[in-house]
Every structure is written in structure tokens, then in C-alpha cells.
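Asks: A predicted structure for the sequence below; I have some questions about it.
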There are 2 protein chains.
Amino acid sequence: MKVSKEKWEKNFSEWLDWVLREAEIYDYGRYPVKGMGVWMPYGFKIRQNVLQLIRKLLDETGHEEVLFPLLIPEDLLKKESEHIRGFEEEVYWVTKGGSQDLDVKLALRPTSETSITFMESFWVKSYKQLPKKYYQIVSVFRYETKATRPMMRLREITTFKEAHTLHETYEDAARQVDEAINIYKAFFDELGIPYMISKRPEWDKFAGAEYTIAFDTILPDSRVLQIGTVHHLGQHFTKAFDFKIQRKDGSLDYPHQTSYGISDRVIAVLIAINGDDHGPVLNPVIAPIKVVIVPIPAKDEETTAKIINYAKEVGENLKNRGITVVIDDDKEKTPGEKFYIWELKGVPLRIEIGPKELNNNTVYIKRRDTFEGKSVPKDKAVEEVNTLLEKIKNDLHEKALKFLKERIIYTEDLNEAKKILEERAGVVEVPWCGDNNCGLQLQDVTNARVLGIPLDEDKDVSNAKCVMCKKPAKSLLRLAKTY
Amino acid sequence: MKVSKEKWEKNFSEWLDWVLREAEIYDYGRYPVKGMGVWMPYGFKIRQNVLQLIRKLLDETGHEEVLFPLLIPEDLLKKESEHIRGFEEEVYWVTKGGSQDLDVKLALRPTSETSITFMESFWVKSYKQLPKKYYQIVSVFRYETKATRPMMRLREITTFKEAHTLHETYEDAARQVDEAINIYKAFFDELGIPYMISKRPEWDKFAGAEYTIAFDTILPDSRVLQIGTVHHLGQHFTKAFDFKIQRKDGSLDYPHQTSYGISDRVIAVLIAINGDDHGPVLNPVIAPIKVVIVPIPAKDEETTAKIINYAKEVGENLKNRGITVVIDDDKEKTPGEKFYIWELKGVPLRIEIGPKELNNNTVYIKRRDTFEGKSVPKDKAVEEVNTLLEKIKNDLHEKALKFLKERIIYTEDLNEAKKILEERAGVVEVPWCGDNNCGLQLQDVTNARVLGIPLDEDKDVSNAKCVMCKKPAKSLLRLAKTY
């Protein structure tokens, strides 16, 4: 069966809005504050599964979960000057309590470097306590002036996982950046999300960072979405807070920090990248329901009752093996209506059980991603379901990787680069001299955004010339149309 | 061993502040916004364990977890007039985004009846979809004018579990109130927290409710803390939002609602009720670490190394049986220093392993609650640990129940009631005519607070007279000094 992907490919934004609401994942656009949506029960479960995975990866690597207050007093937020310059136009301010004006304005945290550094200065006194790796999963707020989009550009980012680490030396912090990159790689790999890793250019690093490494992915409309960032913060914040520790050599010095984050965007991507005109295909890794069983009624009630019992038996077997299953025996809906709903919800596998299956002691299993179906003996159902779930997981990942790779295009020709970007054909990689002016000019002439220097490409550009100034190239530079 | 409880009993407030910070549970008082604290890693784990339990109980009874935006626009919050009257002096308002004034003031949610009812009106159209039971676990904000206290009276309540349900009829909602009470009973029973259940008086019900049922407990200083509430909301909010559904008989009508909540206070109580001058005794049900193993060094290094290996072996055995264990083999601390720290952290069991245990192939296990110790053969260690954890859980619960029961005192004499309350001897129950004026007068003359009509007492008051007006009593009324 050829699966129609017309809506998904051509009208991706509308497709996503439709899926999020109709599949009861995330209600967006009706809540009366711009840029803020509601996680509905089904979406909340997807979110929980994603968070469970990142928690596991962080806990295994010695990160400790904490919870800091939402509100940051103005003077605290403004301690680090680059930081506040980067965020001040985006901060929501609480100015009133009841009918009283507050003495000090309180910011809804846009991110928590300042409050965490402030408290760390009480907690950590010596290199012996280091490294410290904290994280929290919280809402952060950005008064976005750009067009908001569900899960992708929000004013309340409800699933901000921010990690904050503390180290004795610059090198220790740099190693932590590498660890964070590896954690995110493992995270995205497990979720089947393909990514590019780039070192962001100077002019686009985090406000208050030495450098920023970013994970980006490509959405169905070939535009790029940033899905994770890792920052080496150096001593920017510890200096601003005059926070020193005792070092191994006995001296006092400012410790070094990193921070790294992911957000709701990961969930948006999980829903977006594997889709068709029936809805999303949820990766079995995070699908709240792995299998839906739809009994197909017979002409007589007696056989129908038998079919439903048979379906329940199959359901029990799956449940006993830890597979989340729903038996949809709603009598007011036709099988066709049920197929529509569960496809829209992206349930990876559907089992149909009708008179034929009852007679033959089989089940009919259909994959959500390919719509391929097959009959298997009832007593092989659990085994087959497990095999297929694993296969869907791998196939989705492979397909997504292929999609991404096909859309990264190398060129040494500026006009070709422009054309690729204008036509939304993908991400462009060009040779670059390393001069920030060339990078900024490149953004201007292509009307695109520099993602940075690829950290996951080993192309030799030593003989190439910078696409702007024609001086010898020092590295590749990635450019894309971005969200 | 007689365990000293001087500080815990006599200076409970100071004791709690000390424990929360020194045991690295919750850093309060240093974060530069009044009434807001930081959950540190150890405290966060206690919190996670508590939340895991309430999630389980709610999920099992058909509740679905959701996540609503933090910010509620002013007009939405003000839809239900009683509700906003109850909360308006406590609401934090966001008035600025960046440097711009917002068109509409946005409230930090004090609770979510308004936003949830608003969205339900899109989601629910027919009785066929009912009941709906949603819950979320979020921060809520109250601009408290009373003295703030860590976890007990906060301006950011970080662990607000609020459930919101929707029903066709008043009676359905009343039955849901009963279900909620049973869920909370199971929750507090499992946590070993004793409680009184009272129907709050008219003048103290939730702003926008038909009636409110509350769970209260008694803290070591004999003052009462409200730890959970259940509200029958009737049609107050659905009417305010003009939200109708189709009923079974075909007519359109406003559905009925309930809401019920618990907060950080549950965790405060868990830490507070089982304490002594060494710190808290954590209930094994929520203790992040069930057992700490402290190796006692020998005089020679070789034996010490053997002891540490032995300790690790015991630790492995416990881990393999799913018991969270820490082996504290820090060489820079003495066993005495370690005992101090782990007692302060409230770890229910300590295993000491020294030369004697090594020679005899035993372990020495000590209970945190009673400080009773015993030697058991190494191969019986896991079994004994499990037995003791279960025993500690039961003993703590029993002791706490006894503490509570001893502090609930019945009297028909107003002067005695006053005296009991003044002397902080406990909670008073008096016969009451049912007239609100008598109840309010009673509060005045005793300088205490009416908790309401006991729902967990079956004392017959048919022959007693109201303690205020001397008319025939209709019920008991509970009074207490409260937090």
C-alpha cells in the first residue's frame, strides 16, 4: 500500500496543528494566552515517556534532579551582563502581589543559570565536592515576539530540561560538554530522531557562554529546528556572583560551569518526523499504547461475543508481557471509525480479530508505519508483536536518518547555496574562512541562518576556498532555513 | 536506649528548619524571594517517591494527568465571583513582557478551576464522556501575608497535586467526593500519616464550593496543619463559564464538578511527625535510601580492605533484592561522623560492619527509629532488613496514630476547651447546635479555629447541649490552634 503523505509534506504546519488537537495530544490555540497550550492526557503520557528516558540517562551519569523557584528577582537575573542583554526583551515580569506593587520585580525564569549559581555558592566550597551535576524539568517563559507555534515556539515552554554543572577547571567543564553531547546523542538515537551537531557561531552562542554546541534536526518542510544545546559557561556566572571555591592547589578561584537543555521541541519532532496523512506514527519507544485490538463484529451476536472474548484473551497475553494494549470494543463505532482514530493517535500496531481469525485461531496484525498486514497464529501473537515493535523502531530511525542525510548538501558555489536554501531543498554546507564577517554576510545574502561548524562531518576542506571571500577555507559552515 | 526528643518537641519550628537544610532536603530562607525554597537532590527524591504513590492511586481510579498553562488571564480568573473574592488578595500578577506593558494582566495560577473549566467546555459535550477525572502536579502561587514557613506556608507551592472532575449530576459529584476521600485515606495510611477528616464550616469552605471536606493532622507542637482538601463545586464554575452538556434525558444542563488537592505539606509532615534530636526518621515507604552500610575500619589496612569488600557484598545482595542502599566508605570521615549524617538524613536502617562482623560472618543492624541494634548472620541480612523495614513502617504509623488520638479531647465545658487550646494540649471537640453564629463566636472566645464537623467520629451528642448557646447539640465541632 502506498501511504499518502500529501498533507504531511506540503502543509506540514497545518498537519501538525491538526494532529496535536485531533489526536488529543496538545490543545493549542484555544487557551486564551498566546503561545501557551494544554497537554492533554494522551500527549502527557508521550511526554512522560520522553522524560523517563532523559531522566534515566542523566541519573546514570551522576546528575541529580532538583527544583528551583520559578521567580527570579530582577537584581539576581541582571548579575551577568551578557546574559541579561540576551534575555531582557523576552522576560515576563511579576510586578504585583494582590493589589500591592512589589518592591522588587520578579522574572518568570527564562532559564536558571542565575538562580542556580547563586545557590551553588552556598552549597559548594571545595573542589572535593566537584563535579556537581544538577538538572531540573520545569516551565520556562519567553515573551516571544516571533510567531508562536505549538511546542516549537512557545511563550511557556513546559518541558524544559535544564542541566547545570560545576567544575574546578575549564578543561573539566569542556569534558562535561562532551559528556552532555554523548548523553543527547544516546537520547536522540533511542528516540529515532536524526540530528546534526554544530558549533554555533560566536554571534549566536548562548548569552553568557564561552561556546555553544547545538543539535538540530530537519522537519518535513526541510526547515531546521534546534532541539538541544550544550553551553560551556566558563567563569561568566561564577565571576558575576563572586563565587569562589578552594582548588586542589589550595588557591581560591571561580569554578567553571556548563549548562545544557532540551525542550518540548523533542516531542514535537517525535510526532512530526514520522507522519502521513492518517496522522503521526509514534515510535514504540514512547508510544503510550503500543497495540490496539479492534474486534470485527460477526453477523450474529453469539459469534461477536466470542470474538470479543478472543480479543480480550489476546490482550491479556500482551499485557502479561508488559505490552501496553487497548481493546476497543466500543459498540457505537464501526471498525472503520476505530481505525481512523487509532491511526490518528499513531498507535504503532493494530490487531484485527474477526470471524476469520476466530475460526483459524489467528490474529491479523497491521503496522501503522507501512500499513503492511499479516496473519499469525494466536499463540505467536506476543512474539510477533515484539518483533514488529522492534522493527518499526529501527525502520523509523533508518528512514528518518535517510531523510536527514539526503537534505544536507555540500556546495562551493554561493549561487547554488542560495538556490538550495530558497527552494527549501535542505541544509547547505559551504567552505568558510572562519571570519565572522564572512559568516554574517553569508546569512544576509542567502537570507538563511548559520547553524555553525559541523562537528559530525569529516570532509576535508583544506583545498577549498571560502564561499564568500575566496580566502582558504578553515572549516565547513552550515546554513539553513530555520524555525 | 532512650531517644532524646527535646528539640523536636519543644522547638519544633527550629528543628524543622535545621533538618530541612542540614539534611539537604530543602534549602529555605536563603533564596532571595520570601516564601520560596529549593528542593535539593535528597529532598527531591523524597518528593518523587510521594508523587509516585499519589500518581499510582489516581491512575488506578481512572484519573488522567494533564498539564495546563501557569498563566491565567485576568478575565478568566474573575469569571466566578466567589472564587476571585477568595483569592484576589493572594494573586501574583504578570504585567510586563520585556519592556512592554501587557494588554491583559496574567495571574500566576493560585489553583486551576477556571482554566480547566474553560478548556473542558471545548472537550466535553455529552454525558457519555463523563465522568472525567483530570489531575496535574504543578506549582501554584499565593501572595501570603501570613508568616511563611518552609513547605508549610509558601508563596510558591511547588508540589500542588490538583484533581478536577466533571459529572452529570450533583449526586455523581458527591460520590466523587467520597472516592477522593478514600484515595486520600489510602494515601495517608500508606505514608503513615494520621489524620482527622472534617467538614469545614460554611465560612471556611473553598471559594466557589458547595462544601469542603478537609484532612488535618497534628504536628509535634500540637498545632494542626491542613494536609488535603476535597471540594464539591456543584455548578458554580460551569455556570460562570456557561458550559453545558447534553444529559442522558436529552436536555442541556451545566455539569457538576469536584476538585481536590494536596501539597508540599504532605512532605513536611512526613519529615516532621517522626523525629528526634538526631533528625527525622523517614518512613521506609518514601525513604530514598533504605539502608546505609558503614564499614568500621580495623587497625590494619588488610583487614579494613576485607571489611570494605564484605560491606560491598552485603550491599550487592540488598541491591539485588531491590533495596536502595548506600555504602559509605569515605576514608576522610570517622564512623561517628557518618552515623551523625545518616541519622540526620533519616535513613531507616544502618548496617555496621567491623572486624567482629567480619570474623563472625554477621552484620550489625540498627533501627533509626528506636536505635535498637542486633547482630544477624550475613546470609540472613536481606531477610532481616525486609522484616525491619516493614516493622518500622508499621511502628511509625502506630506511634503517629497514638500521638494524634491522644491529642483529640472531647469536652462539654467551654472553659476547659479554652484551657486545652491555650495550653496547646491538642484538638478540642465540643457539642454544637449547628448555628454558624455559635461557631464563629466559639472561634472568637477560644482564639482558635473551627476545623469543622468530624466525619470520622461516631460519638452520640443527642443528649448534649451546644457549648455556646446551650441549645440541643446537633453534632460535634472540632477546634484547634492551626498553622
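Replies: Good, I have the coordinates. Keep in mind it's a predicted model, so treat the numbers as computed, not measured.

Asks: CA only for contacts and neighbour counts going forward, please
Replies: Will do.

Asks: residues from the stretch 101-250 of chain A in reach of chain B?
Replies: For the stretch 101-250 of chain A, the residues found near chain B under the criterion Cα under 8 Å from any Cα of the partner chain are A:119, A:143, A:156.

Asks: my read is that the last one contacts A:Thr148, right?
Replies: So the one you mean is A:Glu156. No: using Cα atoms under 8 Å, A:Glu156 is not in contact with A:Thr148, being 10.4 Å away.

Asks: so what sits against both of the two?
Replies: A:Gly35 (Cα atoms under 8 Å, 6 or more residues apart in numbering or on different chains).

Asks: those two: who's more crowded?
Replies: A:Glu156 (24 against 16; other Cα atoms under 10 Å in any protein chain shown).

Asks: from the chain's centre, how far out does the helix ranked longest in chain A sit?
Replies: As assigned by DSSP state H, the longest helix anywhere in chain A is helix A:381-406. Centroid separation for helix A:381-406 versus its chain: 19 Å, with Cα atoms, centre = their mean, to the nearest Å.

Asks: and the residue nearest the centre of chain A, what are its phi and psi?
Replies: Residue closest to the average C-alpha location in chain A (Cα atoms, centre = their mean): A:Val266, at 1.4 Å. Per-residue torsions, A:Val266: phi -60, psi -40 (degrees, to the nearest 10).

Asks: what segments of the stretch 151-300 of chain A are strands?
Replies: Ranges of strands in the stretch 151-300 of chain A, per DSSP state E, counting those that start in this stretch, are A:156-167, A:196-199, A:211-218, A:224-234, A:245-246, A:252-253, A:256-262, A:275-276, A:279-280, A:291-295.

Asks: outline the domain layout of chain A.
Replies: For chain A, the structural domains run A:5-273, A:291-389, A:408-480, going by the TED database.

Asks: let's see the distance spanning the longest one from one end to the other.
Replies: So that's domain A:5-273. Separation of the first and last residues of domain A:5-273 by Cα to Cα, to the nearest Å is 12 Å.

Asks: touching, A:Tyr92 and A:Glu144? I think so.
Replies: No: using Cα under 8 Å, A:Tyr92 is not in contact with A:Glu144; the gap is 10.0 Å.

Asks: which of these two has more residues huddled nearby?
Replies: Per other Cα under 10 Å, whichever of A:Tyr92 and A:Glu144 has more neighbours is A:Tyr92, with 27 against 18.

Asks: local confidence estimate at that one?
Replies: For A:Tyr92, the pLDDT comes out at 98.

Asks: okay, and the beta partners of it?
Replies: Going by DSSP bridges, A:Tyr92 is paired in beta bridges with B:Gly97.

Asks: which residues touch it?
Replies: Counting by Cα under 8 Å, 6+ apart, A:Tyr92 has contacts A:107-108, A:141-143, B:94-98.

Asks: quick one: secondary structure of the nearest residue to A:Leu442 once chain neighbours are set aside?
Replies: Among residues not flanking A:Leu442 along the chain, A:Met468 sits closest, at 6.8 Å (Cα to Cα, 6 or more residues apart in numbering or on different chains). Under DSSP: H, G, I helix; E, B strand; the rest coil, A:Met468 falls in the coil class.

Asks: measure how buried A:Met468 is and give me the count.
Replies: For A:Met468, the tally of surrounding residues (other Cα under 10 Å) stands at 20.

Asks: pretty sure it contacts A:Asn437?
Replies: No: using Cα under 8 Å, A:Met468 makes no contact with A:Asn437, being 9.5 Å away.

Asks: which residue does the stretch 301-450 of chain A bring closest to chain B?
Replies: Nearest residue of the stretch 301-450 of chain A to chain B, counting by Cα to the nearest Cα: A:Glu332, 11.3 Å away.

Asks: just give the number of residues close to the residue lying closest to A:Val124 once chain neighbours are set aside.
Replies: What sits nearest to A:Val124 in space, not counting adjacent residues and going by Cα to Cα, 6+ apart, is A:Ile245, at 7.1 Å. Neighbours of A:Ile245 under the rule other Cα under 10 Å: 22.

Asks: pairing partners for A:Ile245 in the sheet, please.
Replies: Beta-bridge pairing of A:Ile245 under DSSP bridges involves A:Asp253.

Asks: please report how far it lies from A:Leu77.
Replies: A:Ile245 is 22 Å from A:Leu77, by Cα to Cα.

Asks: cool, and A:Gly426?
Replies: Separation of A:Gly426 from A:Leu77 (Cα to Cα) stands at 38 Å.

Asks: list the buried residues of stretch A:449-456.
Replies: A:449-454 (16 or more other Cα atoms under 10 Å in any protein chain shown).

Asks: same deal with stretch A:364-381?
Replies: Within stretch A:364-381, the residues that count as buried by 16+ other Cα under 10 Å are A:364-369, A:375-376, A:378, A:381.

Asks: with stretch A:238-246 instead?
Replies: Buried residues in stretch A:238-246, counted by 16+ other Cα under 10 Å: A:238-241, A:243-246.

Asks: and that stretch, how far from the chain's centre?
Replies: For stretch A:238-246, the gap between its own C-alpha mean and the chain's C-alpha mean amounts to 33 Å (Cα atoms, centre = their mean).

Asks: what do you get for stretch A:361-374?
Replies: Centroid separation between stretch A:361-374 and its chain, computed with Cα atoms, centre = their mean, is 29 Å.

Asks: so where is the stretch 151-300 of chain A shaky, pLDDT-wise?
Replies: The model of the stretch 151-300 of chain A has no residue with pLDDT under 70.

Asks: excluding chain neighbours, what is closest to the residue of it found nearest chain B?
Replies: Proximity of the stretch 151-300 of chain A to chain B (Cα to the nearest Cα) peaks at A:Glu156, 7.3 Å away. Nearest non-adjacent residue to A:Glu156, counting by Cα to Cα, 6+ apart: A:Phe141, 4.7 Å away.

Asks: for the one you found, which residues are in contact?
Replies: A:Phe141 is in contact with A:91-92, A:108-110, A:155-157, counting by Cα under 8 Å, 6+ apart.

Asks: right, I'll call it a day here.
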